[in-house]
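Visitor: Just to be clear, the model below is a prediction. Sequence and coordinates:
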Amino acid sequence: MGKKQKTCEFKTEVQQLLHLIINSLYSNREIFVRELISNASDAIDKAKFKEQTEPDLYKDDTDHHIRVSVDPDKKIFKIEDNGIGMTYDEVNDNIGTIAQSGTAAFMEALEKSKSENTLSPDLIGQFGVGFYSAFIVASKIILTTKAAGEKMGVRWTSDGKGSYTIEEVKKESRGTEITLELKDPEDGEQNFTEEYTIRNIVKKHSDFVQYPIIMNVEKIEPIPENEQIKDKDGKVVGETTRKKQEDETLNSMKAIWSRSKEDVTEEEYEEFYKHISHNWDKPVARIHKRFEGVTEYDVLMFLPSKAPFDLFQANKKNGMQLYCKRVFIMDDCKELLPEYLGFVQGVVDAPDLNLNVSREILQEDRFVRSIRKNLVKQIFSILKDMEKEKYEEFYEEFGKALKAGVPTDFDNKDKIASLLRYKTTKSDGKYISLDEYIENMKDDQKEIYYITGEDINSLANSPLIEALKEKDYEVLLMIDPVDEWVVQSLTEYKEKKLKSAEKGDLDVNKVDDKQKGEYSALLKFIKDKLGDKVKDVEVSSRLKDSVSCLSADDFAMSSYMEKILKASGQDAPDQKRTMEVNISHPVMDKIKTIFETDTNNPAIQDYSDLLFDLAVVSEGGKVSNPSKFSKLVGDLMVNAL
Ligand code: ADP
């Protein structure tokens with residue numbers, strides 16, 4: 001027994017996940033083969049990548065392959081790879097847990113699907129739980145693994161019920177070996193110790209895997225003449241054939257991307273997508289192309305239909321893999337697509353690349369840059385031409401990701417902008433594009449108006465846009481935090497400026513100067529009463545029905561931005577905003593009368609506070625002294641009734 005043996009309980013969420021997998025995927029039992037092969041293939045990819053930078057550690061074992069073997073008597077299914085292997089700590093972190101970052105998201109999705117009664121394989125596919133699928137068929141799993149350079153191997157054992165054990169063990173070779181003790185198949189169920197069954201499953205799900213999937217199979221061969229048993233007349237009396245065991249490669253390893261489109265079936269594309277993405281959704285689109293010209297390369301990319309739960313996690317893996325003449329170079333190839341398109345899953349095979357590339361060299365490579373440019377172009381063109389409804393579904397999932405490209409991809413800013421969709425004050429809950437917005441603009445309207453905030457209903461009813469509504473101008477309602485960054489970098493679209501409804505002079509409703517003058521003494525007085533709660537108090541040109549609101553300068557931070565920054569723990573200066581009052585509102589007239597009769601009337605202090613609090617409330621904010629606020633409103637009601 002190794003020195004570091006320990007037994008751990010599965011965390012609750014892992015137990016729930018296991019339960020979910022076993023129940024919802026039971027009719028799909030064979031997929032565990034694909035999942036384990038995918039993991040093995042990934043592990044070999046990683047080993048190959050390391051081989052380039054640490055040849056001493058890896059060069060002893062470069063005959064990369066995956067081996068499947070079975071023992072029908074003992075009901076054992078086994079899969080081995082000579083990939084990267086895992087250290088004790090890696091087994092501890094990776095097997096028997098769900099990646100920390102994913103836990104919360106997973107629990108949420110699990111609860112949701114429970115309440116909606118839709119425990120679907122899709123859900124599972126999003127959480128990268130491939131390994132656990134083996135518990136559908138196995139009553140016990142024994143994983144033994146060794147990482148390059150380690151003295152000892154590690155064994156992980158579990159029956160998938162409550163706990164698992166990890167211990168150090170002896171293991172000769174690098175890589176991972178997973179042994180499944182199979183449950184008895186019920187009548188009519190597949191038997192995973194049958195050669196024929198495994199052969200079919202591998203062909204169906206894993207044919208294109210780039211490493212040989214080898215199985216020792218039984219073959220029948222003719223017995224050579226001179227070994228045949230003959231009688232004295234020379235007539236053969238014994239068998240003419242005999243059985244022999246022989247290694248056979250079960251997969252064709254045909255690189256699907258280097259075949260011509262016509263030769264690849266839908267099923268093959270789908271299986272390949274599942275293999276590279278670890279997702280189980282059906283992609284919304286794919287791009288399969290050979291680029292020819294000064295240099296040639298093959299591209300096969302898929303746009304997923306479902307956003308992964310960790311779409312915005314820092315250091316999220318990029319979905320592109322780089323190959324050179326069908327030889328894997330690297331996955332997570334951030335040089336092939338900008339980060340905001342990292343959700344695209346695919347492969348580029350560039351025969352002219354220098355095989356000994358490092359990531360640093362790749363970044364500088366002119367050729368790689370031109371591939372990247374081309375891929376981005378392809379993706380935009382497919383999105384642009386996508387049918388409206390389909391695109392909107394895609395946008396619901398990945399719109400946020402695209403938006404992140406506006407501030408980061410200067411060259412494509414306008415293209416991304418044309419792909420943005422927003423709900424507006426006039427769109428009745430539907431999405432419109434900026435082009436449609438411009439088409440719908442009023443004759444006298446010069447700018448594209450938007451407002452940012454957390455909640456679409458509060459935005460649609462915000463006092464800040466009353467005057468715009470009065471003019472029948474449409475306002476984009478932006479509720480993604482990332483929209484704040486979009487509008488900061490997208491200052492105009494097709495020569496129309498984007499203008500925040502909460503900032504600066506809206507220039508829509510001129511209040512005449514004489515009227516303004518009549519109020520200047522009162523407003524100055526209110527400003528003094530409110531002190532440093534506000535930057536200033538001004539006559540509003542954006543209010544119609546409400547009496548007050550808070551606005552900011554053209555170059556100030558929006559209130560939503562301030563909120564986002566604070567929520568993310570960043571220093572956001574407490575920005576003072578200007579309180580605007582609506583002087584066509586009867587209340588202002590009354591306050592002015594009181595003020596002009598008796599400047600010292602204490603009611604004016606109360607009204608000043610109320611005007612401010614109302615402005616805060618109307619944008620969904622919290623008043624700083626709620627009990628005082630409700631007392632003042634209560635007093636007013638008494639007086640009014
Ligand atoms: P996923 O493959 O989606 O990440 P799994 O639960 O199947 O989820 O695997 C968890 C992790 O365990 C993998 O990300 C990988 O780091 C590690 N792993 C699984 N199988 C192997 C293997 N054959 N060789 C090396 N590492 C492996």
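Guide: Received, thanks. Numbers count the residues shown, from 1 in each chain.
Visitor: Is Ser305 in contact with Tyr395, as I believe?
Guide: No - at 11.6 Å, Ser305 does not count as touching Tyr395 under the criterion of CB atoms under 8 Å. Glycine gets a C-beta too; all of them are placed from N, C-alpha and C.
Visitor: Report the contact partners of the nearest residue in space to Val169 that is not next to it in sequence.
Guide: Distances taken as CB to CB, 6 or more residues apart in numbering put Arg155 closest to Val169, at 4.5 Å, once the chain neighbours are dropped. Taking CB atoms under 8 Å, 6 or more residues apart in numbering, we find Arg155 in contact with Gly2, Ile142, Leu143, Thr144, Thr145, Thr165, Ile166, Glu167, Glu168, Val169.
Visitor: Could you give the number of residues near Tyr422?
Guide: Close neighbours of Tyr422, defined as other CB atoms under 10 Å, add up to 23.
Visitor: what's across from it in the sheet?
Guide: Tyr422 has these beta-bridge partners by DSSP bridges: Ile432.
Visitor: now it: how far from the ligand?
Guide: 35 Å (CB to the nearest ligand atom, to the nearest Å).
Visitor: any idea which element the residue nearest to Val169 lies in?
Guide: strand 153-158 (DSSP states H and E).
Visitor: Ser381 now?
Guide: Going by DSSP H and E, Ser381 is part of helix 366-384.
Visitor: For that helix, list every residue counted as buried.
Guide: The neighbour-count check on helix 366-384 (16 or more other CB atoms under 10 Å) flags Val368, Ile371, Arg372, Asn374, Leu375, Val376, Gln378, Ile379, Phe380, Ile382, Leu383 as buried.
Visitor: can I get the CA coordinates of it in CSV?
Guide: Only the C-alpha atoms of helix 366-384 are listed here, as CSV (Å, rounded to 0.1, in the frame of the first residue of the first chain):
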residue,chain,number,x,y,z
ARG,A,366,2.7,36.2,-40.3
PHE,A,367,1.1,33.1,-41.7
VAL,A,368,-0.8,32.4,-38.5
ARG,A,369,-2.0,36.0,-38.4
SER,A,370,-3.4,35.7,-41.8
ILE,A,371,-5.2,32.4,-40.9
ARG,A,372,-6.6,34.1,-37.9
LYS,A,373,-7.9,37.0,-40.0
ASN,A,374,-9.5,34.6,-42.4
LEU,A,375,-11.2,32.5,-39.7
VAL,A,376,-12.7,35.6,-38.1
LYS,A,377,-14.0,36.7,-41.5
GLN,A,378,-15.6,33.4,-42.2
ILE,A,379,-17.3,33.4,-38.8
PHE,A,380,-18.7,36.9,-39.3
SER,A,381,-19.9,36.0,-42.8
ILE,A,382,-21.8,32.9,-41.6
LEU,A,383,-23.4,34.9,-38.7
LYS,A,384,-24.4,37.7,-41.0
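Visitor: Report all helices and strands that that helix contacts.
Guide: Helix 366-384 makes packing contacts with strand 285-291, strand 297-303, helix 413-419 when contacts are defined by 3 or more CB pairs under 8 Å, 6 or more residues apart in numbering; DSSP states H and E.
Visitor: Next, format the ones you listed as CSV and append mean neighbour count, distance to Tyr560 and mean pLDDT.
Guide: As requested, these are exported to CSV (neighbours: other CB atoms under 10 Å; distance: least, CB to CB, whole Å; pLDDT from 0 to 100):
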stretch, mean neighbour count, distance to Tyr560, mean pLDDT
strand 285-291, 17, 33, 96
strand 297-303, 24, 30, 97
helix 413-419, 19, 20, 96
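Visitor: can you put the ones you listed in TSV and add distance to Asn279?
Guide: Shown next, in TSV, are the helices and strands packed on helix 366-384 (distance: least, CB to CB, whole Å):
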stretch	distance to Asn279
strand 285-291	13
strand 297-303	9
helix 413-419	22
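Visitor: Please identify which of those is closest to Asn440.
Guide: Closest to Asn440 of the helices and strands packed on helix 366-384, according to CB to CB: helix 413-419, at 15.8 Å.
Visitor: picking up where we left off before, what strands flank the helix or strand just after the strand holding Arg155, and is each parallel or antiparallel?
Guide: Next in sequence after strand 153-158, counting helices and strands by DSSP H and E, comes strand 163-169. In the sheet, strand 163-169 lines up against strand 6-9 (antiparallel), strand 153-158 (antiparallel) (DSSP bridges).
Visitor: For strand 163-169, which residues meet the burial criterion?
Guide: Buried, per 16+ other CB under 10 Å, within strand 163-169: Tyr164, Ile166, Glu167, Glu168.
Visitor: Does the second one touch Val154 like I think?
Guide: So that's Ile166. Yes - Ile166 is within contact range of Val154, at 6.5 Å (criterion: CB under 8 Å).
Visitor: which residues are in contact with both of the two?
Guide: In contact with both Ile166 and Val154: Tyr88, Val91, using CB under 8 Å, 6+ apart.
Visitor: sorry, back to before: right, and the strands paired with strand 163-169 - which one's nearest the ligand?
Guide: The closest of the strands paired with strand 163-169 to the ligand is strand 153-158. By CB to the nearest ligand atom, the value is 10.0 Å.
Visitor: so, in contact with the ligand or not, that closest one?
Guide: No - in terms of CB under 6 Å from any ligand atom, no part of strand 153-158 sits within range of the ligand; the closest distance is 10.0 Å.
Visitor: Now do the buried residues in that strand.
Guide: Gly153, Val154, Arg155, Trp156, Thr157, Ser158.
Visitor: Which residues lie in contact with the closest residue to the last one other than its chain neighbours in this structure?
Guide: In space, and not counting its chain neighbours, Ser158 is closest to Tyr164: 3.5 Å by CB to CB, 6+ apart. If a contact means CB under 8 Å, 6+ apart, then Tyr164 has Thr7, Cys8, Phe10, Ile95, Gly96, Trp156, Thr157, Ser158 as its contacts.
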